[in-house]
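A.B. asks: Sequence and predicted structure are below.
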Amino acid sequence: MLEVNNTVLAIVDVQGKLATLMTDRETLYKNLIAITAGAKALGLPVLWMEQIPEKLGSTIPEVSELLTDQQPMAKSTFSCCGSKEFTRSLVDSGRRQVLVVGIEAHVCVYQTAMELAEQGYDVQVVADAVSSRLESNRDRALDKMTRYNIELTTTEMALFELMKTADTEEFRTVAKLIR
């Protein structure tokens, strides 16, 4: 089970024109907004990554506007684990559970999830908050990750699992995000 004091959210490369080309973009954006705002409401650290931003552009405003208290970390490797800043931030958080969202599911999300799992992290990919340009690429990536014991979850499932109860202020905030 996800624990609020042991989980981080990793947002992978939701940038520029590429983000507009994703399969089921509207659902992707809605869930990225909900999981990001929900993570912030629950006090989770957010590790926000951008792939070569000078070439691919900035994170979509729908997500970046939720993260005005921090800056994205740039990377050139497909896996976030290739970034020293990402690795340092994850280790410094002291947390061992990682929720992974972003694009593209079959490249950067896949390689990040696989490397994190190899390093002993409990990795859950938020299936309704990842995408690829081609649905078949997204689906193969999700299939392959599950074969390597990476858990799949959904935005709503992860947020409610983190909250554990409806008896909190955070519940009202998160419930509004899901609607």
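C.D. replies: Arrived safely.

A.B. asks: now the helices for the protein?
C.D. replies: Taking DSSP state H, the helices of the chain run over residues 16-20, 25-41, 53-56, 61-64, 84-93, 110-118, 135-147, 155-163, 169-178.

A.B. asks: And the spatially closest residue to Met22 that is not a sequence neighbour, how close does it get to Leu99?
C.D. replies: Distance criterion CB to CB, 6 or more residues apart in numbering; nearest residue to Met22, sequence neighbours excluded, is Ser131 at 3.9 Å. To be clear about C-beta, it is placed using only N, CA and C from the backbone, and glycine gets the same treatment. For Ser131, the distance to Leu99 under the criterion CB to CB, to the nearest Å works out to 16 Å.

A.B. asks: So if I had to pick from those two, which one is more boxed in?
C.D. replies: Neighbour totals were compared for Ser131 and Leu99, and Ser131 leads with 30 against 26 (other CB atoms under 10 Å).

A.B. asks: Settle this for me: the more buried one is touching Arg138, isn't it.
C.D. replies: Yes. Ser131 is within contact range of Arg138, at 5.6 Å (criterion: CB atoms under 8 Å).

A.B. asks: tell me, what's touching those two both at once?
C.D. replies: Jointly contacting Ser131 and Arg138 under the rule CB atoms under 8 Å, 6 or more residues apart in numbering are Thr23, Glu104, Ala105.

A.B. asks: Could you verify my assumption that the first one touches Ser131?
C.D. replies: Yes. Because the distance of 5.2 Å satisfies CB under 8 Å, Thr23 is recorded as touching Ser131.

A.B. asks: joint contacts of these two?
C.D. replies: Both Thr23 and Ser131 are in contact with Arg138, where contact means CB under 8 Å, 6+ apart.

A.B. asks: how about the helices of the chain in CSV, adding mean pLDDT?
C.D. replies: Written out in CSV, the entries for the helices of the chain read as follows (pLDDT from 0 to 100):
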stretch, mean pLDDT
helix 16-20, 94
helix 25-41, 96
helix 53-56, 94
helix 61-64, 96
helix 84-93, 97
helix 110-118, 97
helix 135-147, 97
helix 155-163, 94
helix 169-178, 83
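
A.B. asks: These: which one's closest to Met1?
C.D. replies: For these, proximity to Met1 was assessed by CB to CB; helix 155-163 is nearest, at 6.0 Å.

A.B. asks: So which bits of that closest one are buried?
C.D. replies: Judged by neighbour count using 16 or more other CB atoms under 10 Å, the buried positions of helix 155-163 are Thr155, Glu156, Ala158, Leu159, Phe160, Glu161, Leu162, Met163.
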